[in-house]
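Asker: structure for this input, please:
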Amino acid sequence: MTNTLLMTKQELVSIAQERLDREATDNGWSARQRLALACRILFDGGHDSGLAGQITCRAGEPGTFLTQQLGLGFDEITSTNLIHVDRDLQVLAGSGIPNPANRFHTWIYRERPDVNCIIHTHPTHVAALSMLEVPLEVSHMDTTPLHDDCAFLKTWPGVPVGNEEGVIIAGALGGKRAILLAHHGMLVAGSSIEEACVLALLMERAARLQLLAMGAGTIQPIPSALASEAHDWISTAKRDSVSFNYFARRALRQHADCLL
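Answerer: Numbering: from 1, shown residues only. Now for the predicted structure:
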């Protein structure tokens, strides 16, 4: 006998969330391992553009974070070659130096205590869209986690190695989780490594969809209320964890060394 056919949508949503909360468990990886996994996932997801881009996450000591060393690509990052730096980008532990563009990460962490991981990259479709000086359009269910959650910086402030660019980018991001940077790339700010990684992959997919749709016709909007509902349905810590674990399993088939 079927017991759920007369339930409301809200009742079914509650049941689904309870089941996910009950079944999804922590992946057991350390922060270093999750950050290294995120680098390999991003590499496989088209976020490699030479040495451009940075990933950081807060470390245990306040005012410090982990990041990759300058000179290594995302496909070379392991949990042990990550470096520990402070807000002045002084290396506290590890070999090498950080990317000087990490300075704007410092400004975002300063303004956003809710943010624990930042990913900044120049993937091909995001970079192409950024050249048009138009904001990201969310008009597909899959990309609704970015609905009303992706800012847009229309004016390129120049190479982001100064404090000026840090103030501009942190201000333009505001309280949102993502930003499209004109003539530059993208940045996502997550409460966890898993959330930031999943959002970064989604940004590139959303930009690709937008470019394809713009080439085929006029993008039609979706109802804002439904987009908000989908945003909240998809954007949960458990769903981010489940998605990250899938991408991690896929990456580990090619990059098992990243956990070393």
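Asker: the chain: helices as residue ranges?
Answerer: Along the chain, counting by DSSP state H, helices occupy 9-23, 31-44, 103-111, 124-130, 163-173, 193-216, 224-234, 237-252.
Asker: among those, show me which one is buried the most.
Answerer: When you average the neighbours per residue for each of the helices of the chain (mean count of other CB atoms under 10 Å), helix 31-44 leads with a mean of 24. Yep, even glycine has a C-beta here, placed from its N, CA and C like the rest.
Asker: before we move on, back to that, of the helices of the chain, which shows the lowest average pLDDT?
Answerer: Taking each of these in turn, the lowest mean pLDDT turns up on helix 9-23, with a mean of 87.
Asker: what is it packed up against?
Answerer: helix 237-252 (3 or more CB pairs under 8 Å, 6 or more residues apart in numbering; DSSP states H and E).
Asker: returning to what we had before: tell me which of the helices of the chain sits nearest to residue 85.
Answerer: helix 103-111 (9.3 Å; CB to CB).
Asker: relative to helix 163-173, how tilted is the closest one?
Answerer: Angle of helix 103-111 versus helix 163-173, following axes from the mean of the first three to the mean of the last three CA atoms, to 10 degrees, is 50 degrees.
Asker: which residues touch helix 103-111?
Answerer: Contact partners of helix 103-111, identified using CB atoms under 8 Å, 6 or more residues apart in numbering, comprise 54, 56, 58, 65, 67, 87, 89, 115, 118, 120, 160-163, 165-167, 169-171, 173, 187, 189.
Asker: how many residues are close by residue 189?
Answerer: Residue 189: 26 surrounding residues under other CB atoms under 10 Å.
Asker: what sits opposite residue 190 in the beta ladder?
Answerer: Listed by DSSP bridges, the beta-bridge partners for residue 190 are residue 117.
Asker: does it touch residue 199 like I think?
Answerer: Yes: with contact defined as CB atoms under 8 Å, residue 190 reaches residue 199; the gap is 6.0 Å.
Asker: list the residues that contact both of those two?
Answerer: Counting by CB under 8 Å, 6+ apart, the shared contacts of residue 190 and residue 199 are 119, 177.
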